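Participant: Coordinates for the following, if possible.
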Amino acid sequence: MKKTIVVFILCLLITGCTTTDQVRAKNRLNLLKLSVGITKEEVLNIMGTETIKTYDYGGPTINNPYRNEILQGKDKTFEVLYYYTDKKNDIGYYGVIITDDELTPLVFDDGKLIGWGWLFVQENIQKYEIRLR
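Facilitator: Modelled structure (predicted):
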């Protein structure tokens with residue numbers, strides 16, 4: 001156990017290793033910098049677009065944004081970027097398994113941020129008759 005802790009600390013000191021906890025924490029802090037009305041480009045600058053190689057649980061790679069999606073409403077089309085912000089599940093056999101409830105959706109209309117979070121998405125599903133996958 002002591003050897004594992006020493007190796008982990010050395011890894012952090014020498015190479016600046018990143019853990020999934022650090023990715024989530026950074027993304028949560030960056031959410032605080034967002035405001036409704038900023039452009040998608042501004043959001044990407046704040047939230048990041050990097051692919052991060054982590055060094056816990058076998059070293060999963062996490063993309064920022066984790067994934068994206070187009071939501072089609074009756075009269076509108078929304079773009080959604082999802083960032084990894086929460087941990088609700090334990091690791092799987094092959095490493096980290098990231099589920100939708102561990103992601104925070106950022107919703108764009110015509111290139112502008114109109115809101116974020118699952119509550120925002122749920123509140124607008126009926127309003128715009130959005131079809132979910």
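Participant: could you list every residue that touches the residue nearest the centre of the chain?
Facilitator: Per Cα atoms, centre = their mean, the C-alpha nearest to the average position across the chain is that of Tyr83, at 1.2 Å. Applying Cβ atoms under 8 Å, 6 or more residues apart in numbering, one finds that Tyr83 lies in contact with 27, 30-31, 47, 64-66, 103-104, 106. (Glycine included, C-beta is placed from N, CA and C.)
Participant: Out of those, give me the one that has the most neighbours.
Facilitator: Each of the contacts of Tyr83 was scored by neighbour count (other Cβ atoms under 10 Å); the top score is that of Leu106, with 25 neighbours.
Participant: My read is that that one contacts Ile46, right?
Facilitator: No. Distance between Leu106 and Ile46: 10.1 Å, which falls outside the contact criterion (Cβ atoms under 8 Å).
Participant: hmm, who's touching stretch 118-133?
Facilitator: Stretch 118-133 has contacts (Cβ under 8 Å, 6+ apart) with 69, 71-76, 78, 80, 101, 104-105, 107, 115.
Participant: Out of those residues, who's the most crowded?
Facilitator: Neighbour counts for those (other Cβ under 10 Å) peak at Thr104, which has 23 neighbours.
Participant: contacting residues for that residue?
Facilitator: For Thr104, the contact set (Cβ under 8 Å, 6+ apart) comprises 27, 31, 82-83, 85-86, 116-118.
Participant: now the strands: where do they sit in this structure?
Facilitator: Along the chain, the segments classed as strands by DSSP state E run 51-53, 61-63, 67-72, 77-84, 103-109, 112-116.
Participant: Quick check: which of those strands is nearest to Gly37?
Facilitator: In terms of Cβ to Cβ, the element of these nearest to Gly37 is strand 112-116, at 5.7 Å.
Participant: Give me the distance from that closest one to the chain's centre.
Facilitator: Averaging C-alpha coordinates over strand 112-116 and over its chain gives two centres that are 15 Å apart (Cα atoms, centre = their mean, to the nearest Å).
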